[in-house]
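Sequence plus the predicted model coming up.
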Amino acid sequence: MRVITFGTFDVFHVGHVNILERAKDQGNHLIVGVSSDQLSKIKKQRYPIYSQEDRIHIISALDCVDEVFIEESLELKAEYIKTHKADILVMGDDWHGKFDHLSNLCQIIYLPRTPSISTTEIIEIVKTDRT
């Protein structure tokens, strides 16, 4: 079974590893769409800390990941699912219900996020003066 998932993966952390490993467990081939710098700006109202090239390099280096591509638009998910012949779409549960309309193309699974960790929290901690 071919599994596809998507994310920004900016300031890569253990929560990203956890969801990618659990996504791979849903099948035997994991395809990851990494948000382009421009899509990241649209989604998060800021440019990513790491460039799309660096984020692709990080995701490609993981043993659980078989293919990586740039996701240019949220509206192209159906095309990405068809192009990559995905059987299952895995997303974090913060997106729960938002991709149910794609269930005619593949199975949709929302996995729980790792509690108490997010890129936003990490950035806030780094910005905080701890003296």
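Sure, I can see it. Bear in mind the structure is a predicted one, so any value in this text is a computation, not a measurement.

quick one: I56 and I70 touch, right?
Yes: in this structure, I56 is within contact of I70 by CB atoms under 8 Å, at 7.1 Å. The C-beta positions use only the backbone N, C-alpha and C, and glycine is treated the same way.

so what sits against both of these two?
Overlap between the neighbourhoods of I56 and I70 consists of V34, taking contacts as CB atoms under 8 Å, 6 or more residues apart in numbering.

Those two: who's more crowded?
When neighbours are counted by other CB atoms under 10 Å, I56 comes out ahead of the other of I56 and I70, with 18 against 15.

pretty sure M1 contacts V90?
No: counting by CB under 8 Å, no contact exists between M1 and V90, whose distance comes to 11.0 Å.

more neighbours, those two?
Residue environment comparison for M1 versus V90 gives the larger neighbour count to V90, 25 against 11, counting by other CB under 10 Å.

And the more buried one, its phi and psi?
In this entry, V90 is assigned phi and psi values of phi -110, psi 130 (degrees, to the nearest 10).

Same check on I125?
In this entry, I125 is assigned phi and psi values of phi -60, psi -40 (degrees, to the nearest 10).

okay, now it: neighbour count?
When neighbours are defined as other CB under 10 Å, I125 has 9 of them.

can you check L74 too?
A total of 13 residues lie near L74 under the criterion other CB under 10 Å.

hey, where'd the strands end up in this protein?
Secondary structure of the chain, counting by DSSP state E: strands at 2-7, 29-35, 67-71, 88-92, 107-111.

report the angle between the axes of the third one and strand 29-35?
Put plainly, it is strand 67-71. Computed by axes from the mean of the first three to the mean of the last three CA atoms, to 10 degrees, the angle separating strand 67-71 from strand 29-35 equals 30 degrees.

Show me which positions of strand 67-71 end up buried.
With burial defined by 16 or more other CB atoms under 10 Å, the residues of strand 67-71 counted as buried are V68, E71.

What's the biggest helix in this structure, counting residues?
Among all segments of the chain classified by DSSP state H, the helix with the greatest residue count is helix 14-24.
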